[in-house]
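what would the 3D arrangement of this be:
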Amino acid sequence: MQKHLTKSRDKILTGVFGGIAEYFGWDKAWTRIGGTILICCTGFGLIAYIAAAIVMPDKPKHSEAPEGDFHKL
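The predicted structure follows:
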């Protein structure tokens, strides 16, 4: 199964950093901290974040396991 870079459903603003962390298997908190530092310190970081927020697709609805108890009688 091939991995795809998509926005995370566990999002704070747009899901870009969460999606990047999920794709690479990184900790989401550290990815968000690093991304925030990049945005604050460089003009490129803000431009890259906005571009990623526009270009990255949302995660498909069927990729998330349904909520609820599977063993209800």
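
in the protein, which spans are helices?
Applying DSSP state H to the chain gives helices spanning 16-24, 28-41, 43-55.

okay if I get those helices as JSON lines plus mean pLDDT and mean neighbour count?
(Glycine included, C-beta is placed from N, CA and C.) Shown next, in JSON lines, are those (pLDDT from 0 to 100; neighbours: other CB atoms under 10 Å):
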{"stretch": "helix 16-24", "mean pLDDT": "92", "mean neighbour count": "21"}
{"stretch": "helix 28-41", "mean pLDDT": "92", "mean neighbour count": "14"}
{"stretch": "helix 43-55", "mean pLDDT": "89", "mean neighbour count": "13"}
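
next, format these as JSON lines and append distance to residue 10.
As requested, the helices of the chain are exported to JSON lines (distance: least, CB to CB, whole Å):
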{"stretch": "helix 16-24", "distance to residue 10": "5"}
{"stretch": "helix 28-41", "distance to residue 10": "7"}
{"stretch": "helix 43-55", "distance to residue 10": "16"}
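
and the gap between the residue nearest the centre of the chain and residue 26?
When CA atoms, centre = their mean is applied to the chain, the residue found nearest the centroid is residue 19 (2.0 Å). According to CB to CB, to the nearest Å, residue 19 stands 11 Å off from residue 26.
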